[in-house]
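Colleague: Just need the structure, nothing else, for what follows:
(chains A, B, C and D, ligands or ions: 6)
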Amino acid sequence: MSNPGAAPGGGKAAGVNDFALKIATANGTGSASANGLLMKTIFRMGIPVSGKNLFPSNIQGLPTWYEIRVSGEGHTARRAEFDLMVAMNPATYAQDVREVRPGGWVLHDSTWPLPDELQRDDVTFLEVPLARLCNERFDGARARILLKNIAYSGVLAALLDMDLEVVDALLEETYGRKKALLDSNFEAVRIGYDYAKEHFDCPLPFRLEPMDETGDHILMDGNTAAALGCVYAGATVAAWYPITPSTSLIDAFSGFCGELRKDPESGKSRVAVIQAEDELAAIGMVIGASWVGARSFTATSGPGISLMSEFIGLAYYAEIPAVIFDIQRTGPSTGMPTRTQQGDVMMVAYASHGDTRHIALFPAHPGECFDMAVAAFDLAERYQTPVFVVSDLDIGMNDWVVPEIRWDDAYQPDRGKVLSAGELEGMEKFYRYLDADGDGVAARTVPGTHPKGAFFTRGSGHDRFGRYTEDSDAYQDVVDRLDRKVGGSVERLPKPEVRMAGGTGANPAAIGLVTLGGCRAAVLETQARLGERGLAADVMRIKAFPFGPEVVEFLLAHDRLFVVEQNRDAQLRSLLALETEFPLARMTPVLSYGGMPLSAKEVIEAVERTMTAKPATSIEEAAPRRRRKRA
Amino acid sequence: MSNPGAAPGGGKAAGVNDFALKIATANGTGSASANGLLMKTIFRMGIPVSGKNLFPSNIQGLPTWYEIRVSGEGHTARRAEFDLMVAMNPATYAQDVREVRPGGWVLHDSTWPLPDELQRDDVTFLEVPLARLCNERFDGARARILLKNIAYSGVLAALLDMDLEVVDALLEETYGRKKALLDSNFEAVRIGYDYAKEHFDCPLPFRLEPMDETGDHILMDGNTAAALGCVYAGATVAAWYPITPSTSLIDAFSGFCGELRKDPESGKSRVAVIQAEDELAAIGMVIGASWVGARSFTATSGPGISLMSEFIGLAYYAEIPAVIFDIQRTGPSTGMPTRTQQGDVMMVAYASHGDTRHIALFPAHPGECFDMAVAAFDLAERYQTPVFVVSDLDIGMNDWVVPEIRWDDAYQPDRGKVLSAGELEGMEKFYRYLDADGDGVAARTVPGTHPKGAFFTRGSGHDRFGRYTEDSDAYQDVVDRLDRKVGGSVERLPKPEVRMAGGTGANPAAIGLVTLGGCRAAVLETQARLGERGLAADVMRIKAFPFGPEVVEFLLAHDRLFVVEQNRDAQLRSLLALETEFPLARMTPVLSYGGMPLSAKEVIEAVERTMTAKPATSIEEAAPRRRRKRA
Amino acid sequence: MTHITKPRVRHPSLATNAIGLTRRDYEGSMSTLCAGCGHDSITAAIIQAAWGMDLEPHRVAKLSGIGCSSKTPTYFIGQAHGFNSVHGRMPSIATGAQAAHPDLTYIGVSGDGDSLAIGLGQLCHVIRRNVDMLYILENNGVYGLTKGQFSASADIGTKAKRGQVNHQPPIDPVLLALGLGATFVARSFSGDKAQLVPILEAGIRHQGFAFVDVVSPCVAFNDHEGSTKSYKYTRDHLAAAVEADLVLPMAEITTAYEPGSAREVKLPDGSSVRFRKVPDHYDPEDRDKVYAYVRARQAEGEIPTGLLYVDADAPHHVDTLGTVDRNLVDVPFAELCPGSERLEEVLAGFR
Amino acid sequence: MTHITKPRVRHPSLATNAIGLTRRDYEGSMSTLCAGCGHDSITAAIIQAAWGMDLEPHRVAKLSGIGCSSKTPTYFIGQAHGFNSVHGRMPSIATGAQAAHPDLTYIGVSGDGDSLAIGLGQLCHVIRRNVDMLYILENNGVYGLTKGQFSASADIGTKAKRGQVNHQPPIDPVLLALGLGATFVARSFSGDKAQLVPILEAGIRHQGFAFVDVVSPCVAFNDHEGSTKSYKYTRDHLAAAVEADLVLPMAEITTAYEPGSAREVKLPDGSSVRFRKVPDHYDPEDRDKVYAYVRARQAEGEIPTGLLYVDADAPHHVDTLGTVDRNLVDVPFAELCPGSERLEEVLAGFR
Ligand SMILES: Cc1ncc(C[n+]2csc(CCOP(=O)(O)OP(=O)(O)O)c2C)c(N)n1
Ligand SMILES: Cc1ncc(C[n+]2csc(CCOP(=O)(O)OP(=O)(O)O)c2C)c(N)n1
Ligand code: SF4
Ligand code: SF4
Ligand SMILES: [Mg+2]
Ligand SMILES: [Mg+2]
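Modeller: Numbering: from 1, shown residues only, chains lettered A, B, ... in the order given. Ligands and ions are numbered 1, 2, ... in the order given. Down below sits the predicted model:
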């Protein structure tokens, strides 16, 4: 499959393996397993699929939705239009029915009939008395509620031509040992399946057809992948404080370490996972652990980064490695904890008071969450500074089909310049902040190594020898080096992903689409769609901060630039202008910040809207405030 | 006098009322009173004077310096060159002697003779056995140490032609009631004065000559002025946590309130000053007090702002007024707590995670600290958002000669849109976040006013009615208004101070100097000096963020722009480019960030250096990282 | 979505209180907590107490941090001003608000994560300042809203839903408060409204910081065997050692209890709290005895509940601040701004 | 600038310890504190203890927050790794470092502002976790470095240099630590090196969190009448109730005391601490008795000093974390990275 991966693959006849459905249920009714079953069945049928879980900041009772998009072409972005709505939650019937595209279909639990005012004559209603059927066959509230979900999966299996063998196999894998559970699940599937076959003509015009596009792929969420990356990178200390949507990263890490980090003899653990009392303590623990030489990390979200600001400045100035995962959610303040956004881009770049600048990596999907987690530890130790891995709720908590994660056993961690006892022994005298190699990176030592290695770490003014100072020149000498050091990291940072409309190496198209993170999927889809309409657009997806020369080259090579991102204030666009000196006026912002995963529709509309309007490039037009255009 | 104030006034013959001296002592030896005596004497002689206290982050024993600049022209910036050094601290003899300009003078306590290697034949040494003289006349270590300082003031009085009557008058004012103390101080002055008259030919070529330039002026530090502003603005709650250099602002506030806010009958206080347990609590208390309708503020420095970040985002999003004084010091991290810098400019503009943008005021001297303190409360309540007053150690803790503070008794606080019980009574229903007037500012209520006024304040997603929401449109509706609201504040923010080389209304000169805060003094002096050398330069001094149209106009009107500021990363320049879309490449940074108050010398050199080099304006030259030039 | 369990009371639910309001008038929007969540029962008790005390809704300020517990202020007294602040920092908001406008009734609701982890520092200091407010800690031993991690009040050995076992000693909020000099310390159980309501009323009347730790089972993540915060455990181990019985103008509440041997403690507003001294010589005003008593009971696996300690005379925060008797927010600007003449005098010192 | 007051000892100051180092080798750079600052005396005691225990300097990690007290790690054991972190957050740094490299000797130095105000939350949680370190609170009742504001340990009624009077009840670090389950609690006085040194040694030996509150007068801002943190007051009111006497291989220290009636408490490393039981039945292992005893003494205006409580058997943080016996920093990468084969198995679950 193409995305993420190679260029868009062979499209199918519209309808087949190209549709989106949305399932409306109530939070805490256990629909997750049913939705997972559907996702995995489609995945195992070899068909690219993506799921978006739109859940409330609540534990039980509030409305929740699950969107499934099937795309033979391999487009994983959210599809704003729905061909089929599975309306299981009477509380949201009205809204759900409204959202189906004209000519679409509504599957609902006719145990509670739809109020007449909700009827639409441009959609087909499929009525299945799911609750009644389940109540007849199963005992106990719990079983009835859970199996009702499995039952609608059965209906969908029939409607969409799912491979029942795959469904059964998956149930086997899940409930294998629990015979009773397994049987009732089998039965629930059949209840829905048979009812559908009996009452509707299956399959629907849009349906599934086995493909071979997911063979070397996995279905995983970004937090799980990032956690696995931390395990493989050799992280030994994780300190954290729970916060949605980062919590599942640590849960996954602990889970993996349970097996992968257990000492065979003693049964003890080769990792310390510390639930701190808050985010200030979490980052403090990470800094402490890194200071003694451990690979250490924390995972949090926007509010946590704000609270960590003071410590981040300490790590920057005292030059202590720290890996920080920022799984962004909708801000500001508490904002919408279960909605996605890219609102922390500017903050991570310059977090903390005074002059600071930080390395940041921007994964676009779970596969990169793994790779960048590993890279983050190498960079943090190489440059002795905090490194942010900037993910978000969409990447972190939704299941994505991505190329399988690979591991090169030849990998050795880059510990950077850490002096060994031997090296120290041979030294005349060790000074902590000497720029011996002229790359701005001074050699460090870890406590306990060797008597000559001792030095004093401080966040107060210090000179190149590590001594306390209040002298202007001695102070400047150090902060100037810090600036060179972080600037120099560019040579080891991932280069932007560039996709020329004309293929690799082709001449630049007129339009350049610039984006970062999870927007990638929608932007690549946009590129494809615009291409079909004869609008050639090149894509550059930023992978890291500070920016490398390739970023500037791309910007310079395009007349009409669009910067696509998920925040109100066009933060990536701002960062690009600030750091490359490329004029803001030449970058048109395309902004989507309502908390939903980005859809190509929004981007295409924004681009087409602007292409018909005249570009505003002259400085003279500059308004006294940021000019922005929203998606 | 001219600066701050009208245009540079009549210069005197070099030497007379135009020189700088530096006094080197040890911390905790009580030299403050002696230095204050000197400053005030010169001030009362009607001569513009400025003092810079360079003290260590220590309570006792470390070297400390006090610089006094006398400038008949009224230039108050630091003068890097010293005509006279008063070397009272053997620990720093070497460095101190080195710092005197060729042809200058060194006054030192010959009780401890200068080591020969320190002798310089291009300076004149004035030896006074101060310690010995004082030990002969006075008893007790304490008296001897303190009076030795008064004695060197006596020497300076003779050397510089000070008006002894003024000196005596000042001593009277200070020790009036304490006869014994007064006499010994008189005597100490005479000891130094007589010894100098006897052994040196007084006065020195550079000396004082009475003027009439300080009549309507006062000698005050910025923290004292800001505190007074808070008293006059009607602030009733101050919550803080001690941190240099902001502590003296709260000390002054408490001091003033002791007299000015005491209830005549009960003797109780009309203000609550709460020493919080940390900065997070301090800003929380401010937000709580503002929420119930009080004018409330906090004062802190960089580290405190970092810790307040989360709460700042809450106040922005929940729309609660808060006045925050950031008395900047040298960062990052703990940095150099007793050195000055302008390193928090970017941070205050966008503090906290998610999309945020804050109003900030940048006073240039104590006079403006008073005015802007008052303005800050009006703006915070008018726009229901945090307002920063961004000062620094140089402005806040050093004594400046500024035009006397004036108060218009007609002033009434602008409480903004706060609904009264009457207004609420007349309303159908009150909704907190309705943009009734289309200016982005919604009416608020304070608790306890009227049953109809109740609403729920939250940092989580909310709609225009104040209800909790996770809906994209309802969420965007509010954050879009917030952006309009803060952008709209420009109409009430102070306009930049513009000084055209050719006088008000003159055509723009080729050179434009842009600056903010305390740099003003050095930049105005630069303008004068460059003018003398035939280089016409206009000056724009930024007073507030967000920027108004005047800022853009000035930028557009000048070919060669220099942005002068005291940080490493050219933060004001960045902010200008980001917010006005004016190209970075056209603004040459002039940066001084060693922690010392800015001197015109640094700026002049930087400008001249660049004027001889060719300008780099084309985008194509843009490097993949911020290009900066340092002062 | 669950409705708040309505207070079970004898008289028609539309009875009005002294200011003519019904219980309904003290309800808020519909609860979005899990069915059976202990927090909803506490909400019902707050409603009952506020109604019973004839509180003017708009003179009440409801504050909270972040968490399921901290969501509950939306569910009671809809006509009161509410402030759902940030995680663990509600005490500072309350402190500032109270200093500026002391004569509102401040009700703070927090959770064990909000109060004992991220907010522990602020909790300790608001206790130390003795800020005049009712502070309810809805204690379930877990972080509910983030799906069941252990909080600092989780007991050693409890198993989380995901199976991990807690090894850290719990922080006991009652002992912490006693140790820090709290002037009103009580503990109750969300399932025991008969005890909880009068405690809340006494807490609101107390002039100072009234700290009420309420064990409030989280049915989603911490209501299973092995957890002392579960319904079952609490029911079995409740040692209703000390019951507070508030003598109010209205008869109905007192009748809910038999007097029994009692000891009167005057509350500043004239009302009084009586203690049923189950243990002999129990003295609710002797901090050390109370501390020892609570420790002893807990050593036996009991949870002493009731109004455990009260010091009605200690000065509260506004007293120590020494501010005028009026609310600072009510002092007219003319009395705050010294004016131009005083300015002249002030500036004299700077010439 | 003051030099560290050298430990007053009988033998030539260049005597070497078991690893051949002299006291000088345990000194740091010159102190920049005020002449006579109590903190300098504590620094001298630390030097004495470290020398006496033959600590390998480079195996010691010195940590602190911000304040005059927090500056002192620069003044002792110059050859140890030092970390002067940020204000009030040293405990988290120590917790992370200790988890990754437990076999270093961790010595934390803090002040009453650093520990009881901005750092109170972290202090409570590091106590709760029982992180294996020596934590010295240099307690002077004021914020020295910021020039004399009251700290949370300032006593009611004390006057600050600028004349304001403190009205808030102090937080007593010893009672706080006892209440939070600290496993080693001691108090001493900077001026009493004979008592302080053995306490520090015992604290370093203790496997767990050793909390030592040292009254340390601030001569610049808090050494005047009315302050219980002044030299005079402390000297007058010292109730050296419990004296710790560490039995070491070396004779010289023990000889500094007469044995007297004593009770042995074994420390995990085999050494033992003996208590002079001034009060009868004093039991340093009974938390409740100790708590009551301290309260009682303080009620009489006394400051009980000495090693007040110790629980040598409680598991410390690394025990509860259940990490391998080796330092995590010493586990080779090969044992941390599961490799490509295991990856295949893991990914199987995601296909
Ligand atoms: C700064 C910050 N960190 C973390 C979170 C995530 N968070 C929300 S509620 C919560 C814990 C709530 O636990 P508790 O206070 O016990 O409330 P409960 O849900 O158990 O009633 C956490 C960690 C947050 N909202 N803000
Ligand atoms: C975040 C932050 N806030 C405030 C300060 C300013 N500050 C430095 S030391 C200090 C108090 C120190 O008091 P204490 O811990 O008692 O140390 P002492 O000087 O009394 O020994 C404060 C408030 C700071 N450095 N950082
Ligand atoms: S998760 Fe627990 S605490 Fe939260 S609402 Fe549900 S039951 Fe209550
Ligand atoms: S100010 Fe006080 S604490 Fe600080 S060094 Fe001086 S005496 Fe010590
Ligand atoms: Mg809880
Ligand atoms: Mg102190």
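Colleague: what stretches of chain A score poorly on pLDDT?
Modeller: For chain A, the stretches flagged by pLDDT under 70 are A:1-14, A:614-631.
Colleague: Okay, helices next: where are they in the stretch 151-300 of chain A?
Modeller: Applying DSSP state H, counting those that start in this stretch to the stretch 151-300 of chain A gives helices spanning A:164-175, A:179-199, A:222-233, A:247-260, A:279-291.
Colleague: Mind checking these for the one nearest to ligand 6?
Modeller: helix A:279-291 (20.8 Å; CB to the ion). Backbone N, C-alpha and C define where each C-beta goes, glycine included.
Colleague: what packs against the closest one?
Modeller: Under the contact criterion of 3 or more CB pairs under 8 Å, 6 or more residues apart in numbering or on different chains; DSSP states H and E, helix A:279-291 touches strand A:237-240, strand A:272-275, strand A:296-300, helix A:302-318, strand A:322-328, helix D:90-100, helix D:120-129.
Colleague: I'd like those laid out as CSV, including distance to ligand 1 and mean neighbour count.
Modeller: Listed next are the helices and strands packed on helix A:279-291 as CSV, based on distance: least, CB to the nearest ligand atom, whole Å; neighbours: other CB atoms under 10 Å in any protein chain shown:
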stretch, distance to ligand 1, mean neighbour count
strand A:237-240, 10, 28
strand A:272-275, 10, 24
strand A:296-300, 7, 31
helix A:302-318, 4, 29
strand A:322-328, 12, 29
helix D:90-100, 15, 31
helix D:120-129, 13, 26
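Colleague: which one of those lies closest to residue A:169?
Modeller: Comparison of the helices and strands packed on helix A:279-291 against residue A:169 by CB to CB identifies strand A:322-328 as nearest, at 32.5 Å.
Colleague: Show me the contact partners of the very next helix or strand once past the closest one.
Modeller: Where DSSP states H and E defines the elements, the next helix or strand beyond strand A:322-328 is helix A:345-350. With contacts defined as CB atoms under 8 Å, 6 or more residues apart in numbering or on different chains, helix A:345-350 is touched by A:302, A:305-306, A:326, A:356-358, A:360, A:388, A:390, A:516, A:545, A:565, A:567, A:569, A:571-572, A:574-575, B:346-347, B:350, B:352-353.
Colleague: quick one: strands adjacent to the helix or strand following helix A:345-350?
Modeller: Toward the C-terminal end, the helix or strand that comes next after helix A:345-350 (DSSP H and E) is strand A:359-361. Using DSSP bridges, the strands paired with strand A:359-361 in its sheet are strand A:386-392 (parallel), strand A:544-545 (antiparallel).
Colleague: Strand A:359-361: how far from the chain's middle?
Modeller: For strand A:359-361, the gap between its own C-alpha mean and the chain's C-alpha mean amounts to 14 Å (CA atoms, centre = their mean, to the nearest Å).
Colleague: can you pull the buried residues of it?
Modeller: A:359, A:360, A:361 (16 or more other CB atoms under 10 Å in any protein chain shown).
Colleague: any chance of those in CSV, plus distance to ligand 2?
Modeller: Shown next, in CSV, are these (distance: CB to the nearest ligand atom, whole Å):
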residue, distance to ligand 2
A:359, 25
A:360, 25
A:361, 29
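Colleague: Grab the nearest non-local neighbour of residue C:66.
Modeller: residue C:87 (3.9 Å; CB to CB, 6 or more residues apart in numbering or on different chains).
Colleague: That neighbour reaches residue C:119, doesn't it?
Modeller: Yes. In this structure, residue C:87 is within contact of residue C:119 by CB atoms under 8 Å, at 7.2 Å.
Colleague: hey, what's in contact with both of the two?
Modeller: Joint contacts of residue C:87 and residue C:119 (CB under 8 Å, 6+ apart) are residue C:65.
Colleague: if we can go back for a sec, closest one to residue B:149 out of the buried residues of strand A:359-361, please.
Modeller: When these are compared against residue B:149 (criterion: CB to CB), the nearest one is residue A:359, at 50.5 Å.
Colleague: mind checking how far the residue nearest to the closest one when sequence neighbours are not counted is from residue A:373?
Modeller: Spatial nearest neighbour of residue A:359, excluding adjacent residues (CB to CB, 6+ apart): residue A:387 at 4.7 Å. To residue A:373, residue A:387 is 10 Å away according to CB to CB, to the nearest Å.
Colleague: Identify the contacts common to these two.
Modeller: With CB under 8 Å, 6+ apart, residue A:387 and residue A:373 have common neighbours residue A:323.
Colleague: which of the strands paired with strand A:359-361 sits most buried?
Modeller: strand A:386-392 (a mean of 30; mean count of other CB atoms under 10 Å in any protein chain shown).
Colleague: angle of that strand against helix A:247-260?
Modeller: Between the axes of strand A:386-392 and helix A:247-260, defined by axes from the mean of the first three to the mean of the last three CA atoms, to 10 degrees, the angle is 110 degrees.
Colleague: how big is the angle separating strand A:386-392 from helix A:302-318?
Modeller: 160 degrees.
Colleague: what separates the following helix or strand past strand A:386-392 from the chain centre, distance-wise?
Modeller: The helix or strand immediately downstream of strand A:386-392 is helix A:393-397, counting by DSSP H and E. Averaging C-alpha positions (CA atoms, centre = their mean) puts helix A:393-397 4 Å from its chain's average.
Colleague: Which positions within helix A:393-397 qualify as buried?
Modeller: Those would be A:393, A:394, A:395, A:396, A:397, for helix A:393-397 by 16+ other CB under 10 Å.
Colleague: So in that sheet, which strands flank the following helix or strand past it, and in what orientation?
Modeller: Downstream of helix A:393-397, the first helix or strand assigned by DSSP H and E is strand A:399-403. The strands beside strand A:399-403 in its sheet (DSSP bridges) come out as strand A:217-221 (antiparallel).
Colleague: Contacts for the strand it pairs with, please.
Modeller: With CB under 8 Å, 6+ apart as the criterion, strand A:217-221 contacts A:1, A:39-40, A:43, A:248, A:366, A:395-405, D:347, D:350-351.
Colleague: Please indicate which of those residues are buried?
Modeller: Looks like these have A:1, A:39-40, A:43, A:248, A:366, A:395-402, A:404-405, D:347, D:350 buried, using 16+ other CB under 10 Å.
Colleague: Can you report how many residues neighbour residue A:176?
Modeller: Burial measure for residue A:176: 10 neighbouring residues, criterion other CB atoms under 10 Å in any protein chain shown.
Colleague: so residue A:157 sits right up against residue A:164, yeah?
Modeller: Yes. If you go by CB under 8 Å, residue A:157 and residue A:164 touch, sitting 6.1 Å apart.
Colleague: Thank you, goodbye.
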